[in-house]
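> dropping the sequence and predicted coords here.
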Amino acid sequence: MKAKPSPSFVLADHFASPRRLLPSRLEATSRPEETTRAKGNPPPRPIPKSLPLYHPSPPPLRASPLRFPLASPLASIRRRGETRGGDRSIAFSRRRQVASPAWRGSQRQRARGGVIRWRGMGWRSRGLVVTVLWMLAVGVVAAAQDADQEDDLQRAFPIIEPDYGHTKLRLAKEGLEAIKRIGTPIAAVSVIGPYRSGKSFLLNQLLSLTCNKGFGVGHMRDTKTKGIWVWGTPIEVDVDGSKVSVLYLDTEGFESIGKSNVYDDRIFALATVLSSILIYNLPETGQDVAFEPAKLLWLIQRDFLQGKSVQQMVDEALQRVPNNNGDKYIDEVNRIRDSLAFMGDNSTAFSLPQPHLQRTKLCDMDDQELEPLYIERRDELKQIVASMIKPKIVQGRTLNGKEFVSFLGQILEALNKGEIPSTGSLVEVFNKAILESCLKLYNERMERVELPVSVDKLQLIHSLAEDEARKLFDKQHFGKHHTTESILKLDEEMKKVFRNFGLANEYQSSKLCEARFSECEDKMEHLQSLKLPSMAKFNAGFLHCNQSFELQCVGPAKENYERRMSKMLARSRALFIKEYNNKLFNWLVTFSLVMIVIGRFVMKFFLLEVAAWVMFIFLETYTRLFWSSELLYYNPIWHMIVSSWETIVYNPVLDMDRWVIPIVVVLSFLAVYWRCLGGRKQLGTLLPLYRGSYGSSSRPRTD
């Protein structure tokens, strides 16, 4: 019979390490009994023969039932071991006894500190712990990456690079990725000017950076900056309650060696279009400027303080050059200078003294070593730049990082294709956009008119829309010297649009008047073919047609169609009058014959028959006596007959032309009813055939 393991063995098994449970390792370890006895330990219990051979182990540990209850998960393991066989539990327990007391103590501390707790957790608890640890690890890694990225952005990046031949520009992805990270509106501050004029050093001064940390500064004859560079970390400022990210752009200097003629123009044009503030860094002479920025901060660095003021130097640089011989190149220079003169209130002239006489050692100097006046003026320049900062506006809206990069790509593509003028005409480019907006406003006002309209009304609407477009242009245009030329262009374009509207108005007017004229013509033809002719009905239709034409036919074609309408109505009226008398005469003759038949054979109404005979005799004898029916139309009796006819045929109550057929049907039915049901007996006393003056009604009839 197999002996059951005691609780002490089970608790010893609780502290077992998985690697020590392997039989191969246990079998590989062999210790003689003499060794354990030499150490003073009691002899081990005899091992049953049914179990594999294990080495002797130290005495069993005493378990504390309070600290390790048998109801724990390890106790369930013990119980599973009992069901499978006590020999296995005994073997595991004896294998555990090999450990030393110190080792057992460390294992006990491990079990108390974490092993029992982890094994006692459910799967949900374990998953929650793993998730929390994973999130903490991800957060630490992300924070480290952000810190690395922030450190990596503390430098200058190229955003525009020249091609191999220095003729065209291309995008630099590294700098664009830094700009795309910006989610707030962007304002760009660019510094342009001749090469070796201190643009990069000036930007470092504005950013409060040294030459080693900021933009690269060179002292050789070749230019240090290639293309356009941007400082990776924007400066956050508050503009009108909104956060704006300010980018500082360093541009390649003008007039450097090995570049094409248009390269400088494209650099300047691109910097001008992108920037909210454009700093033109000039030497003290205020040399001739062949560019046309939209908004300038003229920065002139001087070696002395006496002499002309900065504004005087700028004004002299922009004065027109005499051209008595009509040189076209001098005319071009004067045109460019006139273009720059438009800056006016939008430009600021600022002088900055040289920071130190030894310019090649500026990067090695601290602020304490620079000229005090330079430090003072530099701080003033920072304040001026900060006060002028506004977010970049394109098509009425600000740009974030991604939108700024997209706008940069579009402008660069247009520059390389030559679609944007690169020198001497940026004002024209800006004013062209304003002209388009003014024309758009003019078109919107003109399109509100529902054509056709009268010529006077269209002219009035044109004048109002033209005034509104001019006011918008006066409010937004660039350049004082370009105002007259731009206004002439605007007037010319508006006249073209007005002519198009005039042609459209004529077409719509002709179309509408033709439709009304056709309606009136059809109506006159219908009146000519009336079943029962009526002058009153013709006159009513004639008047209605004329009034509807006057009201609905508008526009420049009305006058022409009015003449056509008058001729058509006069012709229709004359034809109707001529046919009217003939038709009326024929109708009266036919009517008299019908009444004779009805009075004689249907109703046998003597008075009706007599009246019909009188009318028939009058009509026939009068025309025979005077050899013409036209003379009848001037007879007063004829006019009385016509008046009676008009009253019966057309009146406000009844239109006989519409109801003649229903009336004839009703009268025919009444006649049949009269004839069949003896209605003539009731009126027989009115006939001489049935009543005379010779005797009473009882006298027999004689033929």
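Great, that's in hand.
> and the strand ranked longest in the chain, what does it pack onto?
The longest strand of the chain (DSSP state E) is strand 242-251. For strand 242-251, the elements it packs on are strand 186-192, helix 199-207, strand 228-231, strand 235-239, helix 261-274, judged by 3 or more C-beta pairs under 8 Å, 6 or more residues apart in numbering; DSSP states H and E. Every residue, glycine included, has its C-beta placed from N, CA and C.
> model confidence over it, on average?
Strand 242-251 shows a mean pLDDT of 91.
> let me know the angle separating that strand from strand 235-239.
Using axes from the mean of the first three to the mean of the last three C-alpha atoms, to 10 degrees, one finds that strand 242-251 and strand 235-239 are set 130 degrees apart in direction.
> now do the buried residues in the helix or strand harbouring residue 579.
Secondary structure from DSSP states H and E places residue 579 in helix 558-597. Buried residues in helix 558-597, defined by neighbour count with 16 or more other C-beta atoms under 10 Å: 558, 561-562, 565, 568-569, 572-573, 576, 580-581, 584-585, 588, 592, 595-596.
> do stretch 207-216 as well
So stretch 207-216, judged by 16+ other C-beta under 10 Å, has buried residues 207, 209, 211, 214, 215.
> where along the protein do the strands fall?
156-162, 169-171, 186-192, 228-231, 235-239, 242-251, 277-282, 296-302, 348-353, 393-394, 397-398.
> can you list the helices and strands packed on strand 242-251 in JSON lines and add mean pLDDT and distance to residue 449?
Formatted as JSON lines, those follow (pLDDT from 0 to 100; distance: least, C-beta to C-beta, whole Å):
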{"stretch": "strand 186-192", "mean pLDDT": "89", "distance to residue 449": "42"}
{"stretch": "helix 199-207", "mean pLDDT": "82", "distance to residue 449": "54"}
{"stretch": "strand 228-231", "mean pLDDT": "90", "distance to residue 449": "49"}
{"stretch": "strand 235-239", "mean pLDDT": "90", "distance to residue 449": "42"}
{"stretch": "helix 261-274", "mean pLDDT": "77", "distance to residue 449": "37"}
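> can I get the ones you listed in JSON lines with distance to residue 499?
Formatted as JSON lines, the helices and strands packed on strand 242-251 follow (distance: least, C-beta to C-beta, whole Å):
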{"stretch": "strand 186-192", "distance to residue 499": "43"}
{"stretch": "helix 199-207", "distance to residue 499": "51"}
{"stretch": "strand 228-231", "distance to residue 499": "46"}
{"stretch": "strand 235-239", "distance to residue 499": "45"}
{"stretch": "helix 261-274", "distance to residue 499": "34"}
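> and these: which comes nearest residue 399?
Shortest distance between residue 399 and these, using C-beta to C-beta, is found for strand 186-192: 5.5 Å.
> how is the chain carved up into domains?
Domain segmentation of the chain under automatic domain parsing yields 7-120, 153-417, 428-511.
> in contact with the nearest residue to residue 489 once chain neighbours are set aside, which residues?
Using C-beta to C-beta, 6 or more residues apart in numbering and skipping the chain neighbours, the partner closest in space to residue 489 is residue 435 (6.2 Å). Residue 435 makes contact with 473, 486, 489, 490, 493, according to C-beta atoms under 8 Å, 6 or more residues apart in numbering.
> OK, contacts around the last one?
Which is residue 493. For residue 493, the contacting residues are 435, 439, by C-beta under 8 Å, 6+ apart.
> what's the helix holding residue 579 packed up against?
helix 483-528, helix 535-552, helix 606-626, helix 636-649.
> C-alpha coordinates for the last one, CSV please?
As requested, the backbone C-alpha atoms of helix 636-649 are provided in CSV (Å, rounded to 0.1, in the frame of the first residue of the first chain):
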residue,chain,number,x,y,z
PRO,A,636,-79.4,103.5,-90.2
ILE,A,637,-81.6,100.4,-90.2
TRP,A,638,-78.6,98.3,-90.8
HIS,A,639,-76.9,99.9,-87.8
MET,A,640,-79.9,99.0,-85.7
ILE,A,641,-79.8,95.5,-86.9
VAL,A,642,-76.0,95.3,-86.2
SER,A,643,-76.5,96.7,-82.7
SER,A,644,-79.1,94.1,-81.9
TRP,A,645,-76.9,91.4,-83.3
GLU,A,646,-73.9,92.5,-81.2
THR,A,647,-76.0,92.5,-78.1
ILE,A,648,-77.3,89.0,-78.7
VAL,A,649,-74.1,87.4,-80.0
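> in that helix, which residues are buried?
638, 641, 642, 645, 646, 649.
> quick one: contacts for the fifth one?
For residue 646, the residues meeting the contact criterion (C-beta under 8 Å, 6+ apart) are 534, 535, 536.
> neighbour count and distance to residue 552 added to those, as TSV?
Converted to TSV, these look like this (neighbours: other C-beta atoms under 10 Å; distance: C-beta to C-beta, whole Å):
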residue	neighbour count	distance to residue 552
534	24	26
535	18	26
536	13	25
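> one step back: okay if I get the strands of the chain as a markdown table plus distance to residue 135 and mean neighbour count?
Listed next are these as a markdown table, based on distance: least, C-beta to C-beta, whole Å; neighbours: other C-beta atoms under 10 Å:
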| stretch | distance to residue 135 | mean neighbour count |
| --- | --- | --- |
| strand 156-162 | 33 | 21 |
| strand 169-171 | 38 | 17 |
| strand 186-192 | 34 | 25 |
| strand 228-231 | 35 | 25 |
| strand 235-239 | 30 | 13 |
| strand 242-251 | 30 | 22 |
| strand 277-282 | 45 | 24 |
| strand 296-302 | 50 | 21 |
| strand 348-353 | 53 | 19 |
| strand 393-394 | 41 | 14 |
| strand 397-398 | 36 | 14 |
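> dump these into CSV; add distance to residue 443 as well.
Listed next are the strands of the chain as CSV, based on distance: least, C-beta to C-beta, whole Å:
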stretch, distance to residue 443
strand 156-162, 37
strand 169-171, 36
strand 186-192, 32
strand 228-231, 38
strand 235-239, 34
strand 242-251, 33
strand 277-282, 33
strand 296-302, 34
strand 348-353, 38
strand 393-394, 22
strand 397-398, 22
